[in-house]
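Asks: here's my sequence, what's the structure:
(2 chains)
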Amino acid sequence: MTAIASARSGISHLYDDVWLITPVYNEAQVIGEVVTEALQTFPNIVCVDDGSRDESAQRIEGTGAHLLRHPVNLGQGAALQTGFEYALAQPGGQYFVTFDADGQHRVEDVESMLKIARESGADVVLGSRFLTRGEDIPWQKRVVLRTAAAVSPTARKLGLSDAHNGLRLFNRAAASRLDITMNGMAHASEITGFLARSGLRVVEAPVAVRYTEYSRAKGQSLINGVNILFDLSLNRRSS
Amino acid sequence: MLIQTLLIAAVVLMFVIFATRWNTAGVRAWKRLAFLAFCVVNAYAVLRPGDTTRVAHFLGVGRGTDLVLYFLVVGVTGLALNTYLRFRSLEQRLTELARDTALRTAHRPEADAPAAADRTPALVPSEGNPTGDHR
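Replies: As a prediction, this is how the structure comes out:
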């Protein structure tokens, strides 16, 4: 324990108060590498294995990340909420970052988001693919994402350019108030809705996304947008 | 027309009740009474089909069959809504259960400390993060 701490303290004391929260579902192919790479910079990572049917959990064990396992698959929103609750219960966490398991997010983007949060005092920093050129985004994806940001009332209220980026940073106050009830993919809209109502200080930071062959295959399909809209509309009625 | 007012009022009422206090004891009791009434009316309509037509005419509907169909639509809507809400509440409870299990059985990295300590120096780069951001 002390051996690890001292071995890492040389580079990572800067980020001892940061937790990466990574929901994992059937990512055995890449998760080990993604976690190992991120651990070089961020000592605290909690992976929430959302009932994967492959070897994801085994790949995470031994990397140095914390591992939680949902006994059944619940959805990404539920996995995030579990990760938040765990990380908030650990001593010393001040910043909580949602970080995708498929390797599309870059560690250096998290570092720049932390810098923004620390310097500006913002409660929440959201990654946006559209603040810089974003030329590497496939055009279909760009059209869908920009439309989603434009038609979403909450994204407009917050002045967001990218409403569905998985890279988000919350400070302790914001993370404690967050309560994701949408288990599936509708949590992205739920989070922006919460932020719009919360009065928290939200800023965007430019990030790049690595669209690898792997993450492309794993990405959200357009038709799943129908499911998301359906979940959200019924949620408003029943809550 | 009487029937339109009746049907729209029924659907609106249903949505309001389900949205605000689905599953309180009172609403549960009413749902059961409504189901019972539904069965009784069905049996009555089968035994005396002429009467449904008379009621239909009174409400401004041409045929008794149509009246039955309209009420069936309202009934099915209620059923679908009820089922959806029940599933959602079950899902929420399942989530709490699974989350609780996950938090209780957390695997902390200290558990595999020796292995991690052996490997850590090799993983630590001198400065920054030279690996991996060019993929």
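
Asks: going by C-alpha atoms from here, please, whenever you check contacts or count neighbours.
Replies: Noted.

Asks: what helices or strands is the lengthiest strand in chain A leaning on?
Replies: With secondary structure taken from DSSP state E, chain A has its longest strand at strand A:18-24. The helices and strands touching strand A:18-24, judged by 3 or more Cα pairs under 8 Å, 6 or more residues apart in numbering or on different chains; DSSP states H and E, are strand A:45-49, helix A:76-89, strand A:95-98.

Asks: which other helices and strands does whatever helix or strand comes next after it contact?
Replies: Using DSSP states H and E, the next helix or strand after strand A:18-24 towards the C-terminus is helix A:28-39. For helix A:28-39, the packing partners by 3+ Cα pairs under 8 Å, 6+ apart come out as helix A:56-60.

Asks: so does the helix it packs on get close to chain B?
Replies: No - judged by Cα under 8 Å from any Cα of the partner chain, helix A:56-60 stays clear of chain B, getting no closer than 9.8 Å.

Asks: contacts for the longest strand of chain A, please.
Replies: Contacts made with strand A:18-24 from outside it, assessed by Cα atoms under 8 Å, 6 or more residues apart in numbering or on different chains, are listed as A:31, A:42-50, A:52, A:56, A:76, A:79-80, A:83-84, A:87, A:93-101.

Asks: returning to what we had before: mind putting the helices and strands packed on strand A:18-24 in a markdown table, distance to chain B, mean pLDDT and mean neighbour count included?
Replies: Listed next are these as a markdown table, based on distance: least, Cα to the nearest Cα, whole Å; pLDDT from 0 to 100; neighbours: other Cα atoms under 10 Å in any protein chain shown:
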| stretch | distance to chain B | mean pLDDT | mean neighbour count |
| --- | --- | --- | --- |
| strand A:45-49 | 8 | 96 | 30 |
| helix A:76-89 | 6 | 96 | 23 |
| strand A:95-98 | 17 | 96 | 25 |
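
Asks: relative to B:Met14, which of those is closest?
Replies: Minimum separation from B:Met14 across these (Cα to Cα) falls at helix A:76-89, 29.8 Å.

Asks: can you dump the C-alpha coordinates of the closest one into PDB?
Replies: Output of helix A:76-89 as PDB, limited to C-alpha atoms (Å, rounded to 0.1, in the frame of the first residue of the first chain):
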ATOM      1  CA  GLN A  76     -24.700   3.100 -18.400                       C
ATOM      2  CA  GLY A  77     -26.600   5.600 -16.400                       C
ATOM      3  CA  ALA A  78     -26.900   3.200 -13.500                       C
ATOM      4  CA  ALA A  79     -23.200   2.300 -13.700                       C
ATOM      5  CA  LEU A  80     -22.300   6.000 -13.500                       C
ATOM      6  CA  GLN A  81     -24.400   6.600 -10.500                       C
ATOM      7  CA  THR A  82     -22.900   3.500  -8.700                       C
ATOM      8  CA  GLY A  83     -19.400   4.900  -9.500                       C
ATOM      9  CA  PHE A  84     -20.300   8.300  -8.200                       C
ATOM     10  CA  GLU A  85     -21.600   6.900  -5.000                       C
ATOM     11  CA  TYR A  86     -18.500   4.800  -4.500                       C
ATOM     12  CA  ALA A  87     -16.100   7.600  -5.300                       C
ATOM     13  CA  LEU A  88     -17.900  10.100  -3.100                       C
ATOM     14  CA  ALA A  89     -17.600   7.700  -0.200                       C
END
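
Asks: as JSON lines, the helices and strands packed on strand A:18-24 with distance to B:Thr5 would be great.
Replies: Rendered in JSON lines, the data for these read as follows (distance: least, Cα to Cα, whole Å):
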{"stretch": "strand A:45-49", "distance to B:Thr5": "52"}
{"stretch": "helix A:76-89", "distance to B:Thr5": "41"}
{"stretch": "strand A:95-98", "distance to B:Thr5": "50"}
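
Asks: helices and strands of chain B: which one bottoms out on pLDDT?
Replies: Within chain B, judged by mean pLDDT, DSSP states H and E, the helix or strand with the poorest mean is helix B:113-123; its value is a mean of 46.

Asks: ok, which stretches of chain B are helices?
Replies: Taking DSSP state H as the criterion, chain B carries its helices at B:2-21, B:25-47, B:49-59, B:64-104, B:113-123.

Asks: quick one on the thing from earlier: averaged pLDDT, the longest strand of chain A. What do you get?
Replies: The average of the pLDDT scores along strand A:18-24 is 96.

Asks: so what strands line up beside it?
Replies: Using DSSP bridges, the strands paired with strand A:18-24 are strand A:45-49 (parallel), strand A:95-98 (parallel).
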